Every structure is written in C-alpha cells, then in structure tokens.
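Participant: just to be clear, the model below is a prediction. Sequence and coordinates:
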Amino acid sequence: MRFSPAGDPGVPDDRSATRYLIWLAGRRKLMFGAGILLGVVWMVAQALMPAAVGRAVDGLSRRDDGALLTWALVLLGLGVLQAVAGVLRHQC
C-alpha cells in the first residue's frame, strides 16, 4: 500500500478534458476562486494604465506639476498592484 499524505483524491472524471478540469477546480474551490479574483484585479490594473498615462500627459501639457505628480504616483501604484496581483495569481 502506498502512502498518500493528501488522502484519497477520489476518482477523477476523465471522460473529457473539460470534465477533468472541472473536477480539479471543484477540489480546490478556494484557490480557484482566489486565482480568478487575482486575475481580474491584474487585468483591471492593466486596463487602467492607458487612462492614467493620458491623464499624466494632460498634466504635462498644461504644465501642471501637481497633476503630473499625482498621475505618475497613480501609475506607480497601478504597476505595483499589477505586479503583486500577477505574482499571487501565478501562485494560485
């Protein structure tokens, strides 16, 4: 008898690739949900980047140092959020 530290995983549904992936996702619901949520955060941060760059360029063209600094910090924050969410998404 082989030792299995995780216990008996049950019988996988191997009738198709889709059914097998659904079986796997059902066994790790929390990690699967966290991966989806982190993927959404990562993509939203990526989608907001062009808008923040546009606002920063607007501040630059108006010679408004405060607006330029604000939107540059927003860009930095989005980049950090995207990096952290991407790393955690890969871990999930």
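Facilitator: Ah, there it is. This one's a predicted model, so the numbers in the text were calculated from it and none came from an experiment.

Participant: middle-most residue in this protein, spatially?
Facilitator: Nearest to the geometric centre of the chain sits residue 39, at 2.8 Å (C-alpha atoms, centre = their mean).

Participant: any idea which element that one lies in?
Facilitator: In this structure, residue 39 is located in helix 29-61 according to DSSP states H and E.

Participant: how about residue 12?
Facilitator: Counting by DSSP H and E, residue 12 is found in no helix or strand.

Participant: list the contacts of it.
Facilitator: 20, 23-24 (C-beta atoms under 8 Å, 6 or more residues apart in numbering). Quick note: C-beta positions are derived from backbone N, CA and C, even for glycine.

Participant: tell me the pLDDT at residue 6?
Facilitator: Listed pLDDT for residue 6 reads 65.

Participant: stretch 68-81: how far from the chain's middle?
Facilitator: Remark: stretch 68-81 is offset 18 Å from the chain centroid, using C-alpha atoms, centre = their mean, to the nearest Å.
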